[in-house]
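> Give me a 3D structure for the following:
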Amino acid sequence: MDKPLSIAAVKALLNDIDSPFDGRIPSLREDQRKGVGAALKAWEKRLEKQQDKEKKLKIMLQNEETIWANGLSFIAGIDEVGRGPLAGPVVAAAVILPKDFQILGINDSKQLSSEKREAFYLDIKKHALGIGIGIKNQDVIDDVNIYQATKLAMLEAIQNLPLAPDYLLIDAMTLPTTIPQDSLIKGDSKSLSIAAASIIAKVTRDRIMNEYDLLYPGYGFSKNSGYGTKIHLEGLEKIGVCPIHRHSFAPVRNALKN
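From the prediction side, this is the model:
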């Protein structure tokens, strides 16, 4: 009679199995040891998460698949970060993904931890066909308003792409350009290209705000990215307005009066 696999060996075996129809699973289910049962439950949970990510990927590629099917190869997903903060720039990104891009788990950057955003940022940088960044600082925002500054940042991101896009998928915005485009509400949760752009924009802006935190301490820029948190508002009250604050935003405007 063959000696049963150790629990550690069962766990190692399950790590190599990615299908519920694998021929080795039935014999493992017959094993009555609690350790094996626990290992199987953990494997089933991991497999379910994997399948959910695969389904999400297919859903998020539906817009791209339709456009690709019409013979257009270079789709730029476009998103921005930084419309709401009281300080710092608005940053837009345009990302063109290859048709075989299959990295699972990419989603709206706001739904991801900073660690996952950084990891996906590197993956996207490695595999994307093209990435463009557009940045408009507080002076532009105060001059033309945040909505128009966001458009300018997006147009700059498109211009900075290394290749010309055939089509644009934009998160909740319509741009004045001759390039065919679709505006998708909550596009960063509906389009993989837009989600990738949201990650690139978010990581880029967070890194900028980390540098500003060193230049202008006391506002918590590395923690709040310039949003109006309690620490930031307290900094405004105690220190006053710094060079990267947006004067057209009410809390900053009020601080200038004091």
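
> mind checking how far stretch 197-215 is from the chain centre?
Between the centre of stretch 197-215 and the centre of its chain there are 13 Å (C-alpha atoms, centre = their mean, to the nearest Å).

> Pull out the buried positions in that stretch.
Judged by neighbour count using 16 or more other C-beta atoms under 10 Å, the buried positions of stretch 197-215 are 197-206, 208-209, 212-213. In this view, the C-beta of every residue, glycine as well, is placed from N, C-alpha and C.

> Point out where the stretch 51-200 of the chain drops to low pLDDT.
Within the stretch 51-200 of the chain, no range satisfies pLDDT under 70.

> which stretches of it form helices?
Listed from the start of the chain, the stretch 51-200 of the chain has helices (DSSP state H, counting those that start in this stretch) covering 62-69, 114-127, 138-144, 146-159, 192-215.

> Highest mean neighbour count out of those helices?
Highest mean neighbour count of these: helix 192-215, a mean of 23 (counted as mean count of other C-beta atoms under 10 Å).

> Going along the chain from it, find the next helix or strand for me.
Counting by DSSP states H and E, the next helix or strand C-terminal to helix 192-215 is helix 221-224.

> Which strands or helices does that next one pack on?
helix 192-215, helix 230-239 (3 or more C-beta pairs under 8 Å, 6 or more residues apart in numbering; DSSP states H and E).

> for residue 73, what are its contacts?
For residue 73, the contacting residues are 99, 166, by C-beta atoms under 8 Å, 6 or more residues apart in numbering.

> please renumber so the chain begins at 39
Yes, from this point I'll number from 39; that puts the last item at residue 111.

> measure it to residue 75 for me?
Going from residue 111 to residue 75 by C-beta to C-beta, to the nearest Å gives 49 Å.

> List the contacts of stretch 173-180.
By C-beta under 8 Å, 6+ apart, the residues outside stretch 173-180 that reach it are 125-130, 187-188, 190-191, 194, 242, 246, 282-286.
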